[in-house]
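Undergrad: The following comprises the amino acid sequence and a computationally predicted model.
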Amino acid sequence: MSVQIQVQVNQAGPSASEGFVRDHSITMDRPEAKGGANNGPMGGEVLLMGLGGCFMSNLLAAVAAREAAVSDIALTIVGTLDNAPPRYTAIEMHVKAKYSDSEEMSKLITIAERGCIVANTLKASVDLHIRLAE
(Lines give C-alpha, C1' and ligand atoms only; values in the text may rest on other atoms or scores of the structure.)
Protein backbone atom coordinates (compact mmCIF):
# COMPACT_ATOMS: atom_id res chain seq x y z
CA MET A 1 0.00 0.00 0.00
CA SER A 2 1.42 3.36 -1.00
CA VAL A 3 1.26 6.44 1.20
CA GLN A 4 1.91 9.95 -0.01
CA ILE A 5 3.84 12.50 2.02
CA GLN A 6 3.56 16.16 1.03
CA VAL A 7 5.73 19.13 1.91
CA GLN A 8 5.45 22.76 0.80
CA VAL A 9 8.46 24.89 -0.18
CA ASN A 10 8.05 28.64 -0.78
CA GLN A 11 10.43 31.38 -1.84
CA ALA A 12 11.61 33.27 1.26
CA GLY A 13 14.03 35.78 -0.28
CA PRO A 14 16.33 36.32 -3.25
CA SER A 15 18.17 33.04 -2.60
CA ALA A 16 16.26 31.42 0.25
CA SER A 17 13.28 29.14 0.59
CA GLU A 18 11.23 27.92 3.50
CA GLY A 19 9.99 24.35 3.68
CA PHE A 20 6.93 23.30 5.66
CA VAL A 21 5.77 19.87 6.80
CA ARG A 22 3.10 19.26 9.44
CA ASP A 23 3.76 21.92 12.14
CA HIS A 24 7.44 22.40 11.28
CA SER A 25 9.46 24.68 9.03
CA ILE A 26 13.05 25.01 7.90
CA THR A 27 14.75 27.85 6.06
CA MET A 28 17.17 26.85 3.31
CA ASP A 29 19.66 29.15 1.62
CA ARG A 30 22.99 29.27 -0.12
CA PRO A 31 26.11 30.37 1.74
CA GLU A 32 27.37 33.86 0.96
CA ALA A 33 30.23 32.38 -1.09
CA LYS A 34 27.60 30.91 -3.45
CA GLY A 35 25.51 34.08 -3.75
CA GLY A 36 23.14 33.49 -0.85
CA ALA A 37 22.60 35.14 2.51
CA ASN A 38 23.47 32.03 4.57
CA ASN A 39 20.06 32.06 6.29
CA GLY A 40 19.99 28.27 6.54
CA PRO A 41 21.53 25.09 5.21
CA MET A 42 21.50 24.30 1.49
CA GLY A 43 19.02 21.72 0.24
CA GLY A 44 21.80 19.18 -0.32
CA GLU A 45 22.88 19.60 3.29
CA VAL A 46 19.27 19.14 4.41
CA LEU A 47 19.19 15.91 2.41
CA LEU A 48 22.12 14.58 4.46
CA MET A 49 20.45 15.76 7.67
CA GLY A 50 17.23 14.07 6.56
CA LEU A 51 19.10 10.80 6.09
CA GLY A 52 20.57 11.18 9.58
CA GLY A 53 17.25 12.06 11.18
CA CYS A 54 15.43 9.20 9.48
CA PHE A 55 18.11 6.68 10.43
CA MET A 56 18.35 8.00 14.00
CA SER A 57 14.60 7.76 14.62
CA ASN A 58 14.62 4.14 13.41
CA LEU A 59 17.69 3.33 15.49
CA LEU A 60 16.18 4.86 18.63
CA ALA A 61 12.94 2.92 18.06
CA ALA A 62 14.90 -0.33 17.68
CA VAL A 63 16.93 0.41 20.84
CA ALA A 64 13.76 1.18 22.81
CA ALA A 65 11.87 -1.89 21.52
CA ARG A 66 14.70 -4.18 22.60
CA GLU A 67 15.52 -2.24 25.76
CA ALA A 68 19.12 -2.28 24.56
CA ALA A 69 21.89 -0.70 26.61
CA VAL A 70 22.74 1.98 24.03
CA SER A 71 23.13 5.72 24.65
CA ASP A 72 24.81 8.90 23.43
CA ILE A 73 24.28 8.09 19.75
CA ALA A 74 25.92 10.48 17.28
CA LEU A 75 25.99 10.26 13.50
CA THR A 76 28.60 11.75 11.19
CA ILE A 77 27.47 11.85 7.57
CA VAL A 78 29.74 12.79 4.68
CA GLY A 79 28.51 13.21 1.12
CA THR A 80 30.88 13.10 -1.86
CA LEU A 81 29.82 15.58 -4.53
CA ASP A 82 30.34 15.34 -8.26
CA ASN A 83 29.66 18.36 -10.43
CA ALA A 84 28.54 17.06 -13.82
CA PRO A 85 25.63 17.05 -13.01
CA PRO A 86 25.88 18.22 -9.39
CA ARG A 87 24.88 15.29 -7.17
CA TYR A 88 26.08 13.07 -4.38
CA THR A 89 27.92 10.05 -5.74
CA ALA A 90 28.60 8.52 -2.33
CA ILE A 91 27.38 8.99 1.21
CA GLU A 92 29.12 7.56 4.27
CA MET A 93 27.46 7.49 7.70
CA HIS A 94 29.40 6.64 10.84
CA VAL A 95 27.47 5.70 13.96
CA LYS A 96 29.03 6.38 17.36
CA ALA A 97 27.39 5.35 20.61
CA LYS A 98 27.95 3.97 24.06
CA TYR A 99 26.99 0.28 24.08
CA SER A 100 28.04 -2.94 25.78
CA ASP A 101 27.32 -5.53 23.08
CA SER A 102 28.90 -4.88 19.67
CA GLU A 103 26.96 -7.71 17.99
CA GLU A 104 23.67 -6.26 19.24
CA MET A 105 24.72 -2.76 18.13
CA SER A 106 25.54 -3.99 14.62
CA LYS A 107 22.14 -5.71 14.47
CA LEU A 108 20.39 -2.52 15.60
CA ILE A 109 22.18 -0.55 12.86
CA THR A 110 21.01 -3.07 10.26
CA ILE A 111 17.42 -2.85 11.55
CA ALA A 112 17.53 0.97 11.47
CA GLU A 113 18.98 1.05 7.96
CA ARG A 114 16.32 -1.34 6.65
CA GLY A 115 13.56 0.81 8.14
CA CYS A 116 14.94 4.16 6.95
CA ILE A 117 12.86 5.62 4.11
CA VAL A 118 15.65 8.00 3.07
CA ALA A 119 18.37 5.32 3.03
CA ASN A 120 16.13 2.96 1.05
CA THR A 121 15.42 5.73 -1.47
CA LEU A 122 19.05 6.82 -1.85
CA LYS A 123 20.52 3.33 -2.23
CA ALA A 124 19.17 3.09 -5.78
CA SER A 125 21.27 6.05 -6.95
CA VAL A 126 24.11 6.64 -4.47
CA ASP A 127 26.90 4.47 -3.08
CA LEU A 128 25.54 4.49 0.50
CA HIS A 129 27.40 2.94 3.45
CA ILE A 130 26.31 2.97 7.08
CA ARG A 131 28.93 1.73 9.53
CA LEU A 132 29.61 1.54 13.21
CA ALA A 133 32.46 3.94 13.97
CA GLU A 134 35.55 2.45 15.55
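TA: Happy to help now that I have it. Residues are numbered from 1 along each chain as shown.
Undergrad: next structured bit after the longest helix seen in the chain?
TA: The longest helix of the chain (DSSP state H) is helix 43-66. Downstream of helix 43-66, the first helix or strand assigned by DSSP states H and E is strand 70-83.
Undergrad: show me the contacts for the residue sitting nearest the centre point of the chain.
TA: Nearest to the geometric centre of the chain sits residue 51, at 1.7 Å (CA atoms, centre = their mean). The contact partners of residue 51, taken as CB atoms under 8 Å, 6 or more residues apart in numbering, are 77, 91, 93, 116, 118-119, 122. Where C-beta positions appear, they are placed from N, C-alpha and C, glycine not excepted.
Undergrad: Against residue 77, how distant is it?
TA: 6 Å (CB to CB, to the nearest Å).
Undergrad: Likewise for residue 49?
TA: Distance, residue 49 to residue 77, using CB to CB: 8 Å.
Undergrad: which one of these two has more residues nearby?
TA: Legend: neighbour count by other CB atoms under 10 Å for residue 49 and residue 77, higher for residue 77 (18 against 15).
Undergrad: so what's residue 93 bridging to?
TA: residue 77, residue 130 (DSSP bridges).
Undergrad: OK, contacts around it?
TA: 51-52, 55, 75-77, 128-131.
Undergrad: Which of those are buried? Put it as a PyMOL command.
TA: Buried members of these, defined by 16 or more other CB atoms under 10 Å, are picked up in PyMOL with:
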select buried, resi 51+52+55+75+77+128+130
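Undergrad: Which of the contacts of residue 93 sits closest to residue 26?
TA: Nearest to residue 26, judged by CB to CB, of those is residue 52 at 14.0 Å.
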